[in-house]
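>>> got a predicted model here, sequence first, then my questions.
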Amino acid sequence: DAGITQSPRYKITETGRQVTLMCHQTWSHSYMFWYRQDLGHGLRLIYYSAAADITDKGEVPDGYVVSRSKTENFPLTLESATRSQTSVYFCASTADEPSNNEQFFGPGTRLTVL
Amino acid sequence: AQSVAQPEDQVNVAEGNPLTVKCTYSVSGNPYLFWYVQYPNRGLQFLLKYITGDNLVKGSYGFEAEFNKSQTSFHLKKPSALVSDSALYFCAVRDYQTGANNLFFGTGTRLTVIP
């Protein structure tokens, strides 16, 4: 089906482990984003990408790594997970200038770090 | 620095009554403003946006928002609330700080429509 998907939907891991969250979109959108959603903070931007092989930091990038070798995929890796990274993670995409175009969000990945 | 404030964590309204979800903003440039809605266990969905033009913006599901430059507000409104409108609502503003003109989101307001 067309759209934006995330996997896994739920993940439990332990402190210190590496975790990769996957994001895939079928629209060939140029821009892709990773957000985390925490109570009291709303959504905060972790990383974004304007095109394949172009990524940049958002508001809260520490502890995360991203790559974008293909337009349709934008994986987010927690190299050494910490409890503070327990959160719901959302991937989003948009075709054009992000500041004046709607973003399309995936269903989210709920990550628990024990 | 830009910011967006949603002063109410929770709004309760009776079904059929008008609803308002408040948002105020502070930006260094032109205010590009958005409203998104999040239903339980779902990602955010776009409702409406103000970029330029008419101060009253109409969006999806019968929602509208009024841009008020003097009060730096962008409140979301609906004339008659439905139980199905119960969700988490986010206001967002163009982010002039992190580059690439991304969006900066508020902390969200949970709307509950009481039957």
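Looks like it came in fine.

>>> need the strands for chain B, in chain order.
B:3-5, B:10-14, B:19-21, B:24-26, B:33-38, B:44-50, B:56-58, B:64-68, B:73-78, B:87-94, B:103-105, B:109-114 (DSSP state E).

>>> now do the second one: distance to the chain's middle.
Here the centre of strand B:10-14 is set off from its chain's centre by 15 Å, with Cα atoms, centre = their mean, to the nearest Å.

>>> before we move on, what about the fourth one?
Using Cα atoms, centre = their mean, the mean C-alpha position of strand B:24-26 is found 11 Å from that of the whole chain.

>>> is any part of that strand close to chain A?
No: Strand B:24-26 is not in contact with chain A by Cβ under 8 Å from any Cβ of the partner chain; minimum separation 13.5 Å. C-beta here means a position set from N, CA and C on the backbone, and glycine is covered the same way.

>>> tell me who's in contact with the residue nearest to residue A:87 when sequence neighbours are not counted.
Leaving aside its chain neighbours, residue A:87 sits nearest to residue A:36 (4.3 Å; criterion: Cβ to Cβ, 6 or more residues apart in numbering or on different chains). Applying Cβ atoms under 8 Å, 6 or more residues apart in numbering or on different chains to residue A:36 gives the contacts A:43, A:44, A:46, A:60, A:85, A:87, A:88, A:89, A:90.

>>> could you do residue A:110 as well?
Residue A:110 makes contact with A:9, A:10, A:11, A:88, A:89, according to Cβ under 8 Å, 6+ apart.

>>> close to chain A: what parts of chain B are there?
B:32, B:34, B:41-46, B:49, B:51, B:90, B:94-95, B:98-108.

>>> any weak-confidence spans in chain A?
For chain A, the stretches flagged by pLDDT under 70 are A:1-2.

>>> longest strand of chain A, counting residues only.
Longest strand in chain A, counting residues (DSSP E): strand A:42-51.

>>> for whichever helix or strand comes after that one, list every residue counted as buried.
Remark: after strand A:42-51, the chain's next helix or strand is strand A:54-57, criterion DSSP states H and E. For strand A:54-57, a neighbour-count test (16 or more other Cβ atoms under 10 Å in any protein chain shown) marks residue A:55 as buried.

>>> can you check stretch B:33-53 too?
For stretch B:33-53, burial by neighbour count (16+ other Cβ under 10 Å) applies to B:33-38, B:43-50.
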